[in-house]
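K.L.:
the following comprises the amino acid sequence and a computationally predicted model.
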Amino acid sequence: MNIWLVILTFVLATLGTVVLGLLSKWVDRKVTARIHWRVGPPWYQTFADVLKLLGKETIVPATAQKWTFLSAPIIGFAGAAVAASILWGANLTHASFVGDLIVVVYVLTLPSLAIIVGGMASGSPIAALGASREMKLVFAFELPMILALVTVILKAQGTLALDGILDYQASNGMFIGSVSGVIAFVVAVLSAQAKLGLVPFDIAEAETEIIAGPFTEYSGPSLAVFYLMKAVLLAVLPILLVTVFWGGFRGWGLLWGTLAYVLVLVLFVLIRNTNPRLRIDQALKFFWFGLTPVSILAVVLAGLGY
């Protein structure tokens, strides 16, 4: 493939996902406000927040490891952007390659690692505590999330390519229509909730306990990049779930995929607004002793053809 075409695809996919992510953050904030009987922000508020942060000064703490502190948000954003490019490429242009699902899972760990590294590099004990919590959460939610995707791989006859998963669903029906698919989808939604750092899994960024956790010392453009990273993740994770469980966004399925995207986003918002924040030990028990056995059940059922 032409290198310039690859670069153009990456840039367009990244810009489109940033816009979609910021609009999704507005939907999250607007729905949350209405649940609380508030008016909520205008549609352009998330864009204004980013522009405001970009115009401010980045203050680096004297105790911080400067280059690690400043590069962490860039690495996290880059990981989310690469995942977005791969997913849009598979859905809209059939631009897929062997094992691209594994690549997506890999690069989607970079945002969490960036939060951990950035918090640790800031030199703040509060940020370090938030980074420690994020690290424990990653160990908790990654296993059930991967097992949910293993269910998809088994149902797609072992293919690791997103294009193959989409083609299989186009020929044989969406995986969400099976017992193992429903179970794996529920597991993936709850794991994605934790990856996004939304209530009840906002333990690392618990503002009522540790200010802003690993983001406490960030300001200006660096904080804006983290903000954009979170926005892109809020778009990418629903796109991933729609791709592997609901048949994606191809052809006439674009409308169905869009409705499924909205459904997943609404699920995130409803879970966020109907549950209290868990303690870190409660979150670990929930994922290890709750969701992991359920995800193993989904894998077994997929292997049996259900």
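P.N.:
Thanks, I have it.
K.L.:
tell me the helix or strand right after the lowest-mean-pLDDT helix or strand in the chain.
P.N.:
Taking mean pLDDT, DSSP states H and E as the measure, helix 207-210 is the helix or strand of the chain with the lowest mean score, a mean of 77. Going down the chain from helix 207-210, the next helix or strand is helix 220-245, by DSSP states H and E.
K.L.:
what is that next one packed up against?
P.N.:
helix 3-35, helix 45-54, helix 66-92, helix 110-121, helix 125-155, helix 162-172, helix 179-196, helix 253-273 (3 or more Cβ pairs under 8 Å, 6 or more residues apart in numbering; DSSP states H and E). For every residue, glycine as well, the C-beta is placed using N, CA and C.
K.L.:
buried ones in it?
P.N.:
220-245 (16 or more other Cβ atoms under 10 Å).
K.L.:
go on, stretch 41-48?
P.N.:
Buried, per 16+ other Cβ under 10 Å, within stretch 41-48: 46, 47.
K.L.:
contacts for that stretch, please.
P.N.:
Here stretch 41-48 makes contact (Cβ atoms under 8 Å, 6 or more residues apart in numbering) with 22, 23, 25, 26, 29, 30, 33, 231.
K.L.:
what do you get for stretch 151-158?
P.N.:
101, 159-160, 164-165, 168-169, 175, 178, 180-181, 183-184, 244-245, 295, 298-299, 301-303.
K.L.:
quick one: average pLDDT of it?
P.N.:
Across stretch 151-158, pLDDT averages out at 92.
K.L.:
list the contacts of residue 78.
P.N.:
Residue 78 touches residue 110, counting by Cβ under 8 Å, 6+ apart.
K.L.:
and it, how far from residue 113?
P.N.:
12 Å (Cβ to Cβ, to the nearest Å).
K.L.:
what pLDDT does the residue nearest to residue 264 when sequence neighbours are not counted get?
P.N.:
Nearest residue to residue 264 in three dimensions, chain neighbours excluded: residue 238, at 4.0 Å (Cβ to Cβ, 6 or more residues apart in numbering). Residue 238 carries a pLDDT value of 95.
K.L.:
from residue 75, how far off is residue 238?
P.N.:
Distance of residue 238 to residue 75, computed by Cβ to Cβ: 23 Å.
K.L.:
next: residue 286.
P.N.:
From residue 286 over to residue 75 (counting by Cβ to Cβ), the distance is 29 Å.
K.L.:
same thing with residue 202?
P.N.:
Taking Cβ to Cβ as the measure, residue 202 falls 22 Å from residue 75.
K.L.:
phi and psi next, for residue 109.
P.N.:
phi -80, psi -20 (degrees, to the nearest 10).
K.L.:
I'd say it and residue 79 touch.
P.N.:
Yes: with contact defined as Cβ atoms under 8 Å, residue 109 reaches residue 79; the gap is 7.4 Å.
K.L.:
ok, and what's touching stretch 166-182?
P.N.:
Residues contacting stretch 166-182 (Cβ under 8 Å, 6+ apart): 90-91, 151-152, 155-157, 159, 184-185, 243-248, 250, 253, 298-299, 301-302, 306.
K.L.:
which of those residues count as buried?
P.N.:
90-91, 151-152, 155-156, 159, 184-185, 243-248, 250, 253, 298-299, 301-302.
K.L.:
sorry, back to before: farthest pair in the contacts of stretch 41-48?
P.N.:
Using Cβ to Cβ, the contacts of stretch 41-48 reach their maximum pairwise distance at 33 and 231, which is 17.6 Å.
K.L.:
who's in contact with residue 27?
P.N.:
If a contact means Cβ under 8 Å, 6+ apart, then residue 27 has 265, 269 as its contacts.
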